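J.: Quick one, what's the 3D model for this:
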Amino acid sequence: MAKAFAPRVAKTKRTKIDLAESLSPDIFKISDDRLLKGARLTEVKLADIYVKEQVRTKFNDSSLKELSENIKVNGLIQPLVLHQKPGGKLTLICGERRFRAMSLIKMEKCPCFILDDKTEEELMAIQFSENSAREALHYIDKADGILNYQIATKASERKIQAALGISKSEVHRSLMIAKMDTKLKEAAKTHDIEKYVLLELDVLDKGALKTKLTKLVLGGEIRKRAELKKAIKDGGVLAAGKKTVRKKPALPKGLSANALLKALQTQAKSQDLDADTKAALKSLIKDAKNMVDM
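T.: Okay, the predicted model is just below:
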């Protein structure tokens with residue numbers, strides 16, 4: 001029996017689906033209902049997507065290859081999120097990692113959620129929320145994203161807290177990190193340095209100690225908070241590794257050192273010993289003399 005298909009409907013007469021009603025927000029892994037409001041789902045050619053600089057700046061090549069292979073086998077499970085101004089191009093808002101992975105396998109098109117007429121403030125909040133929900137986002141990228149949001153919106157720390165759904169203390173710390181020297185932030189990414197190392201280094205008074213510690217952090221010699229605290233206590237000097245003290249061999253119970261030495265010397269004079277045995281005895285005699293000197 002031939003399969004029956006629904007009659008073709010002109011684009012102008014097609015019913016638009018409100019994704020906020022038909023889909024669970026969990027598909028985005030973020031808690032921002034604004035992302036779904038008024039969105040439409042359609043297939044878009046990758047070549048038609050404009051990718052501007054995103055919040056995330058650190059991508060793992062091997063991880064991207066794994067993702068591209070997964071998409072190749074299973075398809076794109078989570079669509080990209082694009083924004084379009086009236087008569088304007090489609091701009092990528094969320095999913096740059098997925099976009100890069102699809103580009104690796106030369107995909108021509110993919111499913112996308114398209115948002116229309118959102119303000120820059122709304123788009124930045126959506127982008128930040130989607131990126132920060134992923135564990136792979138480095139705290140430096142997160143900090144830079146918060147600073148960019150503040151610059152674009154002129155919002156206070158309290159307003160940023162409300163808009164992005166993060167604590168006021170986290171906003172404050174992130175803004176401090178984002179305003180630090182670029183070399184220090186790059187070192188934090190390269191050497192996987194804890195964020196509290198940067199924060200505690202930043203509040204130190206300027207001087208020789210801070211200069212020493214900054215060099216150690218830039219070189220990746222200080223990566224943990226505990227390491228920084230110890231270096232501060234030691235005046236900016238990293239303690240060398242502990243030397244292993246070689247203990248002298250202990251004597252067998254009931255045998256004096258002199259007696260052992262005498263016995264070995266007597267045995268070494270034997271004419272029946274081969275060269276290897278004599279060499280071993282010489283070594284034992286040397287150890288016995290060390291025992292006598294104890």
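
J.: Can you find the helix or strand in the chain with the smallest mean pLDDT?
T.: When each helix and strand of the chain is scored by mean pLDDT, DSSP states H and E, helix 19-22 comes last, with a mean of 40.

J.: how about the very next helix or strand once past that one: buried residues?
T.: As assigned by DSSP states H and E, the chain's next helix or strand after helix 19-22 is strand 40-45. Buried residues in strand 40-45, counted by 16 or more other C-beta atoms under 10 Å: Val44. From N, CA and C alone the C-beta is placed, and that goes for glycine too.

J.: Strand partners (parallel or antiparallel) of strand 40-45?
T.: Paired with strand 40-45 in the same sheet, following DSSP bridges, are strand 109-116 (antiparallel).

J.: next structured bit after the strand it pairs with?
T.: helix 120-132.

J.: Leaving out the residues flanking it, which one is nearest to Glu69?
T.: Distances taken as C-beta to C-beta, 6 or more residues apart in numbering place Ile105 nearest to Glu69, at 7.9 Å, with adjacent residues excluded.

J.: Contacts only, for the one you found.
T.: Residues counted as contacts of Ile105 (C-beta atoms under 8 Å, 6 or more residues apart in numbering) are 68-69, 71-72.

J.: Can you flag which of these belong to strands?
T.: When those are checked against strands (DSSP state E), there are no matches.

J.: Counting neighbours, which of these end up buried?
T.: Buried by 16+ other C-beta under 10 Å: 68, 71, out of the contacts of Ile105.

J.: Greatest separation within the contacts of Ile105: which pair is it?
T.: Greatest spatial distance among these (C-beta to C-beta): Glu69 and Ile71, at 7.4 Å.

J.: Spell out the residue ranges of the helices in this protein.
T.: Ranges of helices in the chain, per DSSP state H, are 19-22, 61-74, 96-104, 120-132, 139-153, 157-164, 168-178, 182-190, 195-202, 208-218, 225-233, 257-268, 275-292.

J.: avg pLDDT for the third one?
T.: Per-residue pLDDT values across helix 96-104 average out to 91.

J.: now for it, which elements pack on it?
T.: In this structure, helix 96-104 packs against helix 61-74, with contacts taken as 3 or more C-beta pairs under 8 Å, 6 or more residues apart in numbering; DSSP states H and E.

J.: gap between the nearest residue to Lys159 once chain neighbours are set aside and Ile160?
T.: The shortest distance from Lys159 to any non-neighbouring residue, by C-beta to C-beta, 6+ apart, is to Thr153 (7.7 Å). Using C-beta to C-beta, to the nearest Å, we find Thr153 at a distance of 8 Å from Ile160.

J.: More neighbours: which of these two?
T.: Comparing Thr153 with Ile160 by neighbour count (other C-beta atoms under 10 Å), the higher total belongs to Ile160, at 24 against 16.

J.: what about the nearest residue to that one once chain neighbours are set aside, neighbour count?
T.: Excluding the flanking residues, the one nearest Ile160 by C-beta to C-beta, 6+ apart is Val171, at 5.0 Å. A total of 24 residues lie near Val171 under the criterion other C-beta under 10 Å.

J.: with the contacts of Ile105 in mind, which one is nearest to Lys179?
T.: Nearest to Lys179 out of the contacts of Ile105 is Ser68 (C-beta to C-beta; 35.7 Å).

J.: Quick check: closest non-adjacent residue to Asn148.
T.: Leaving aside its sequence neighbours, Asn148 sits nearest to Met124 (C-beta to C-beta, 6+ apart; 7.0 Å).
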